[in-house]
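Colleague: generate a structure from the sequence data that follows.
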Amino acid sequence: MQIDSLVALDRQHLIHPLVNYRAHEQRGVTILESGHGAYLKDAQGNELLDAFSGLWCVNVGYGQQSIVQAAAEQMAKLPYATGYFHFGSEPAIRLAARLVELAPPSLRHVYFTLGGSDADDSAIRFITHYFNSTGRPQKKQFISLERGYHGSSSQGSGLTALSVFHNNFDVPLRNQHKIPSPYPYRNPVGSDPEAIIRASVEALRSKVQELGAENVAAFFCEPIQGSGGVIVPPKGWLKAMRMACRELGILFVVDEVITAFGRTGPMFACEAEGVEPDLMTIAKGLTAAYAPMGAVLMSDEVYAGIADGMATGVPVGHGYTYSAHPVSAAIGLEVLRLYTEGGLLANGIAQAPHFEEGLRSLLSHPLVGEARSRGLLGALELVSDKSSKERFSPSLKLHERITEVAYRNKVVFRAFGDNILGFAPALCYTAADFELLFARLKKTLDEVLAQPEVRAAVKQ
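Modeller: Below you'll find the predicted structure:
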């Protein structure tokens, strides 16, 4: 079809996530046509360097033929197998076992979902079932972090702490509570790592005390807050929060939808601090987005509590038609092979210093207040005044200006509304790819700074 026809059909029929519907109708869609390695090509033929791995997810890069082959072979052999009625398929069984081999030792059981949002929603349902099954039905309160993101499902969006996901959706629910983000760049206690960790632990203790420990079910957190602005807590923060949850008698749920599968260095971010959660949610890099799939990993204790709480013959009433889909599972197995035997995990670790160095090199730019990263997950925070960390006025719409100029310069990343630029390059990036990324990024920042309205807003 002609591009104009596709744009018109999109305007008329396709609902896009996280856009203003009327603004999208006016703007029109940007059609992506193909991808290879770290690069995308749009329908106009522009080759774009993808510095965001699609949506934090195409960790292996585009066009990995071994994944395409694994999917095609499984689709030809068995395109679907239900997980209901005690049925299953080889790829799903093998993938569950492989994930347990790789995951923190506390996690022994796997429930497959279609993505991250329904993984978090499933975790909430499993936790609720667990406490009801073990005779503690009053434990219904959930705690998460400000600036946190746990999907946009009916319940997960309430654990999420970003207002755009709450507007007109009647969330958060009354049993969903927040404590402050660790956020080193803007933490009231300052930037000292130990002070930040102590403040977070104390905030959790205070919230649990306020609600009553006997009423609190779980604490959800991301090892690094992704959609909240790539907030990188101090090392030791995750372990301290794990220990606090254990002492308080509440479940510790780690949302690794973004941070898993080499994104921060190791296979799972938990590994870096030896953290063993009660439940963990994953998606994105599990299949590198070549097909939809997510999962909830849970401990023996939680699994047994649910299993033993049901009368003989009564099923646990939670399921999805496409849970443990054999094609997605076959893709997941090949993606895991590429991370390990294929060397992508090692390449990501080897390239991380180039990424960190490139981000930090932009600290001298007049627009940049902070550079932060861990592994291949990072951000630049833009400010109008470096000394006071004052943000740009929303009326300037700086993030829209940056997105537009960046696309013109053939680089794609995430420009958040509060002028944090998020980056998640694929694990296949080379040193040359990073050199090109930071050349195009600096050019973008320079061109945006040259706009009179932006220049006038910067305080020297």
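Colleague: quick one: the helices in the stretch 101-250 of the chain?
Modeller: With DSSP state H, counting those that start in this stretch, the ranges of helices along the stretch 101-250 of the chain come out as 116-133, 156-159, 193-211, 237-248.
Colleague: excluding its backbone neighbours, what's nearest Gly83?
Modeller: Leaving aside its sequence neighbours, Gly83 sits nearest to Ala324 (C-beta to C-beta, 6 or more residues apart in numbering; 4.5 Å). All C-beta atoms are positioned from the backbone trio N, CA, C, and that covers glycine.
Colleague: checking the one you found next. Helix, strand or coil?
Modeller: Under DSSP: H, G, I helix; E, B strand; the rest coil, the three-state class of Ala324 is coil.
Colleague: make sure it is actually in contact with Thr113.
Modeller: No - between Ala324 and Thr113 there is no contact under C-beta atoms under 8 Å: 9.4 Å.
Colleague: before we move on, back to that, now, of the helices of the stretch 101-250 of the chain, which is deepest in the fold?
Modeller: Sort those by mean neighbour count, taking mean count of other C-beta atoms under 10 Å, and helix 156-159 sits at the top with a mean of 27.
Colleague: quick one: contacts of that one?
Modeller: Contacts to helix 156-159, defined as C-beta atoms under 8 Å, 6 or more residues apart in numbering, come from residues 117, 120-121, 124, 142, 144, 148, 150-151, 165-166, 169, 171-173, 176, 220.
Colleague: what about Gln26, distance to Asp418?
Modeller: Distance of Gln26 to Asp418, given as C-beta to C-beta, to the nearest Å: 24 Å.
Colleague: give me the more crowded residue out of the two.
Modeller: Neighbours per residue, other C-beta atoms under 10 Å: of Gln26 and Asp418, the larger number sits with Asp418, 15 against 9.
Colleague: so what's that one up against?
Modeller: Counting by C-beta under 8 Å, 6+ apart, Asp418 touches 229, 391, 399.
Colleague: count the neighbours of the second one for me.
Modeller: By that I understand Arg391. Other residues close to Arg391 by other C-beta under 10 Å number 18.
Colleague: ditto for Gly294
Modeller: Neighbour count of Gly294, defined by other C-beta under 10 Å: 25.
Colleague: hey, what's it bridged with?
Modeller: Assessed by DSSP bridges, Gly294 has beta-bridge partners Thr113.
Colleague: so what touches stretch 55-68?
Modeller: Identification of contacts with stretch 55-68 by C-beta under 8 Å, 6+ apart yields 34-40, 50, 53, 226, 258, 261-263, 283-285, 288-290, 331, 334-335, 337-339, 344, 377, 424, 426-429.
Colleague: how about a cut-off of 6 Å?
Modeller: Contact with stretch 55-68 is made by 35-38, 53, 258, 261, 284-285, 288-290, 331, 334, 338, 344, 424, 426-428, as judged by C-beta atoms under 6 Å, 6 or more residues apart in numbering.
Colleague: the nearest residue to Ala288 once chain neighbours are set aside and Val412, how far apart?
Modeller: Once flanking residues are discounted, Ala288 sits nearest to Val60: 4.3 Å by C-beta to C-beta, 6+ apart. Between Val60 and Val412 the computed distance is 17 Å (C-beta to C-beta).
Colleague: and for Cys428?
Modeller: Going from Cys428 to Val412 by C-beta to C-beta gives 16 Å.
Colleague: ok, Val257 next?
Modeller: For Val257 relative to Val412 (C-beta to C-beta), the value is 20 Å.
Colleague: could you do Ala240 as well?
Modeller: For Ala240, the distance to Val412 equals 36 Å [C-beta to C-beta].
Colleague: before we move on, what about Ala70?
Modeller: 27 Å.
Colleague: what's the answer for Asn20, then?
Modeller: Separation of Asn20 from Val412 (C-beta to C-beta): 20 Å.
Colleague: what's the answer for Gly348, then?
Modeller: On the measure of C-beta to C-beta, Gly348 and Val412 end up 19 Å apart.
Colleague: more neighbours: which of those two?
Modeller: Neighbours were tallied for Gly348 and for Val412 using other C-beta under 10 Å; the higher tally belongs to Gly348 (26 against 20).
Colleague: need phi/psi at that one.
Modeller: phi -60, psi -40 (degrees, to the nearest 10).
Colleague: enumerate every residue touching it.
Modeller: 262, 376, 427.
Colleague: counting neighbours, which of those comes out on top?
Modeller: Most neighbours among those, by other C-beta under 10 Å: Leu427, with 31 neighbours.
Colleague: neighbours of the nearest residue to His365 once chain neighbours are set aside, how many?
Modeller: Leaving aside its chain neighbours, His365 sits nearest to Leu445 (5.4 Å; criterion: C-beta to C-beta, 6+ apart). Neighbours of Leu445 under the rule other C-beta under 10 Å: 22.
Colleague: from Leu102, how far out is Leu445?
Modeller: Noted for Leu445: a distance of 38 Å to Leu102, by C-beta to C-beta.
Colleague: quick one: secondary structure of Val296?
Modeller: Assigned with three-state DSSP, Val296 falls in the strand class.
Colleague: count of residues packed around Phe416?
Modeller: Phe416: 17 neighbours (other C-beta under 10 Å).
Colleague: repeat for the one 10 residues further on
Modeller: Burial measure for Ala426: 29 neighbouring residues, criterion other C-beta under 10 Å.
Colleague: list the contacts for it?
Modeller: Listed by C-beta under 6 Å, 6+ apart, the contact partners of Ala426 are 38, 53, 58-59, 61.
Colleague: just Pro234 next, same as before
Modeller: 193, 196-197.
Colleague: one more time with 10 Å, if that's ok
Modeller: Residues in contact with Pro234 (C-beta atoms under 10 Å, 6 or more residues apart in numbering) are 182, 184, 187, 191-197, 200, 240.
Colleague: can you classify the residue located most distally from the centre of the chain by secondary structure?
Modeller: The C-alpha centroid of the chain is most remote from Thr312, which lies 38.1 Å away (C-alpha atoms, centre = their mean). Classification of Thr312 using three-state DSSP returns coil.
Colleague: tell me which of the contacts of Pro234 has the lowest pLDDT.
Modeller: When the contacts of Pro234 are sorted by pLDDT, the bottom entry is Ser191 at 94.
Colleague: just confirm Leu55 is within a helix.
Modeller: Yes - remark: Leu55 belongs to a helix, assigned using three-state DSSP.
Colleague: count of residues packed around it?
Modeller: A count of neighbours around Leu55, defined by other C-beta under 10 Å, yields 16.
Colleague: kindly report the same for Ser388.
Modeller: 10.
Colleague: quick one: secondary structure of it?
Modeller: Taken by three-state DSSP, the conformation at Ser388 corresponds to coil.
Colleague: quick check: it vs Thr403, distance?
Modeller: Per C-beta to C-beta, Ser388 is found 26 Å from Thr403.
Colleague: next: Ala289.
Modeller: Counting by C-beta to C-beta, the gap from Ala289 to Thr403 is 21 Å.
Colleague: so for these two, which sits in the more crowded spot?
Modeller: Legend: neighbour count by other C-beta under 10 Å for Ala289 and Thr403, higher for Ala289 (22 against 18).
Colleague: please consider this matter closed, and thank you.
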